[in-house]
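Visitor: Fold the stuff below for me.
(chains A, B, C and D)
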There are 2 protein chains.
Amino acid sequence: MRKGEATRVRIVGEAARQAALRGLTGVSLSDLADAVGLSKSGLFKHFDSKDDIHLAVVESVMDRFGEMIWKPAEILPPGRARLEVIFERWLYWCEEEWAESGCPINAFSIELDDQPGPLRDLLRRRLLGWRKTLLREFRALRDPALSEAEAQAAYFQMKSFILGHTDSRRMMGDDDARKSASAAFDALLDRTSRLDA
Amino acid sequence: MRKGEATRVRIVGEAARQAALRGLTGVSLSDLADAVGLSKSGLFKHFDSKDDIHLAVVESVMDRFGEMIWKPAEILPPGRARLEVIFERWLYWCEEEWAESGCPINAFSIELDDQPGPLRDLLRRRLLGWRKTLLREFRALRDPALSEAEAQAAYFQMKSFILGHTDSRRMMGDDDARKSASAAFDALLDRTSRLDA
DNA sequence: GAGCTTAGCGACCGGTCGTGCTCTTTTCTA
DNA sequence: TAGAAAAGAGCACGACCGGTCGCTAAGCTC
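Guide: Alright, predicted model coming up:
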């Protein structure tokens, strides 16, 4: 079943590209089929329904996210340098990897946050896993480890700066978005790793 | 033309409600017509096209945003208290005013940031105006006024916390989102209004 | 290389999309 | 209160939607 597997990957990749642009719901099966050089009915040899494609897209995007952001960070020991790499890669992911559309994870979050169902559940599950990882990293940032509350506060701000970066760069057309985000994150690491009253 | 004006307002209001849920593109004219108790063709006595409705929706949402957030703040003198009211009202706007759907401005930003055209231009224009207002407020936060760069950094973080709040509350299901956002913003005001090397 | 399995195509389905057109009813104004 | 103007209903349109079915052709395995 080698050939079919390869085609499936191509379909999911293209579907993700289009979904990042127009939203998951906004992708039409005819457009998708055309883009991968298939007939519409050909798609259904690989997926049972459009919903089935949605699930595969979310799963695939989250997998790629892990590969791109976590893989290059985990070779470093826990601590500030690792967090810096993560943030750096995350910005790269939003800015370069999805240059034409913006980060699909942000887009899917907005699209799905009011649409209960297995698709939202899948996305939420993957995002919660990622958050758990980051909380662990933040706790390890200081020698007397950060409390859970401190780690949560730090995570909240980190994620916020990622979202702010996209908004600033893509919607407001701000060329300094990356600098703003990096500076804000650096300051966050400064005050979080510092031991003060 | 009294009656028509009222109907138009009803249409735009309902369209905004639905667009906040399903996206501007996701609103169908039949659903919209049903919801306001009109026939589909009846809609076209008030708007020339679906795009025309989109423009009216964005304009109307931004107007309401100004009324809800700025109006109660401008009675206060410039300074920290005014900024605190703005942030507070902004969170309220996201959390209560659009409880079922999440803030439509965030949703429209994600939906439109890769869709060039007059609709995106309109949204961007309104958002730039709002940003200009906030930059002025931040500059007035300290007695030796903040530099433009400092004000921009502060604005970036404020907007980030707003976005983070929605993501945390709606997508991650975090009940503490509001507390996290408020705490982060308070700390931002602390370190921004402080005069340090 | 025979034969089963799978990938993929083309035609087609019922339904919905946005948007015209015509005609009637309501509303406002002189 | 007559009559113009506005509001709205009804219907039909062509295009497109997600999805099914039967068929062929290619791929894979023994």
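Visitor: what about the spatially most central residue of chain A, distance to DNA strand C?
Guide: Nearest residue to the geometric centre of chain A (C-alpha atoms, centre = their mean): A:I105, 4.3 Å. From A:I105 across to DNA strand C, the span is 27 Å (C-beta to the nearest atom of the strand, to the nearest Å). The C-beta positions use only the backbone N, C-alpha and C, and glycine is treated the same way.
Visitor: Could you do A:D167 as well?
Guide: A:D167 is 27 Å from DNA strand C, by C-beta to the nearest atom of the strand.
Visitor: likewise A:A15?
Guide: A:A15 is 14 Å from DNA strand C, by C-beta to the nearest atom of the strand.
Visitor: Just the pLDDT for that residue.
Guide: Model confidence at A:A15, expressed as pLDDT, equals 98.
Visitor: next one: the one 3 residues further on
Guide: Each residue has a pLDDT score; the one for A:Q18 is 98.
Visitor: Pull the number of nearby residues for the closest residue to it other than its chain neighbours.
Guide: Closest residue to A:Q18 apart from its sequence neighbours, by C-beta to C-beta, 6 or more residues apart in numbering or on different chains: A:V27 at 4.6 Å. Residue neighbour count, defined by other C-beta atoms under 10 Å in any protein chain shown, stands at 23 for A:V27.
Visitor: tell me the contacts of A:V27?
Guide: A:A15, A:Q18, A:A19, A:I53 (C-beta atoms under 8 Å, 6 or more residues apart in numbering or on different chains).
Visitor: redo that, cut-off 7 Å
Guide: A:A15, A:Q18, A:A19 (C-beta atoms under 7 Å, 6 or more residues apart in numbering or on different chains).
Visitor: Quick check: which element contains the residue nearest to the centre of chain A?
Guide: Take DSSP states H and E as the rule and A:I105 turns out to sit in helix A:104-112.
Visitor: list the helices and strands the next helix or strand after that helix packs on?
Guide: Scanning forward in sequence from helix A:104-112 by DSSP H and E, the next helix or strand is helix A:118-139. Applying 3 or more C-beta pairs under 7 Å, 6 or more residues apart in numbering or on different chains; DSSP states H and E, we find helix A:118-139 packed against helix A:50-65, helix A:104-112, helix A:148-166.
Visitor: Show me which residues of helix A:118-139 are buried.
Guide: A:119-120, A:122-124, A:126-127, A:130-131, A:133-135, A:137-139 (16 or more other C-beta atoms under 10 Å in any protein chain shown).
Visitor: how far away is A:R126 from DNA strand C?
Guide: Taken as C-beta to the nearest atom of the strand, the span from A:R126 to DNA strand C is 26 Å.
Visitor: A:M62 is in contact with that residue, correct?
Guide: Yes. The pair A:R126 and A:M62 qualifies as a contact (C-beta atoms under 7 Å) at a distance of 4.2 Å.
Visitor: For the residue nearest to the centre of chain A, give me its contacts.
Guide: A:V61, A:F65.
Visitor: picking up where we left off before, can you give me the angle the helix holding A:I105 makes with helix B:148-166?
Guide: Interaxial angle, helix A:104-112 versus helix B:148-166 (axes from the mean of the first three to the mean of the last three C-alpha atoms, to 10 degrees): 50 degrees.
Visitor: So helix A:104-112, near DNA strand D or not?
Guide: No. Judged by C-beta under 7 Å from any atom of the strand, helix A:104-112 makes no contact with DNA strand D; its nearest approach is 14.4 Å.
Visitor: List the contacts of the nearest residue to A:I110 once chain neighbours are set aside.
Guide: Once flanking residues are discounted, A:I110 sits nearest to B:I110: 4.8 Å by C-beta to C-beta, 6+ apart. Neighbour list for B:I110: A:N106, A:A107, A:I110 [criterion: C-beta under 7 Å, 6+ apart].
Visitor: Let me have these in JSON lines, extended by pLDDT and distance to B:A154.
Guide: JSON lines is the format used below for the contacts of B:I110 (pLDDT from 0 to 100; distance: C-beta to C-beta, whole Å):
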{"residue": "A:N106", "pLDDT": "98", "distance to B:A154": "23"}
{"residue": "A:A107", "pLDDT": "98", "distance to B:A154": "27"}
{"residue": "A:I110", "pLDDT": "98", "distance to B:A154": "25"}
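Visitor: Out of the residues you listed, flag the one nearest to A:R2.
Guide: A:A107 (32.4 Å; C-beta to C-beta).
Visitor: Provide a list of residues in contact with the closest one.
Guide: A:A20, A:G23, B:I110.
Visitor: can you do 6 Å?
Guide: For A:A107, the contact set (C-beta atoms under 6 Å, 6 or more residues apart in numbering or on different chains) comprises A:A20, B:I110.
Visitor: got it, and A:T192?
Guide: By C-beta under 6 Å, 6+ apart, the neighbours of A:T192 are A:A154.
Visitor: And it, which helix or strand is it part of?
Guide: Per DSSP H and E, the secondary structure element for A:T192 is helix A:177-193.
Visitor: what comes up buried for that helix?
Guide: A:A177, A:R178, A:S180, A:A181, A:S182, A:A183, A:A184, A:F185, A:L188, A:L189, A:T192, A:S193.
Visitor: Return the member of those residues nearest to chain B.
Guide: Set against chain B, the nearest of the buried residues of helix A:177-193 by C-beta to the nearest C-beta is A:S180 (4.4 Å).
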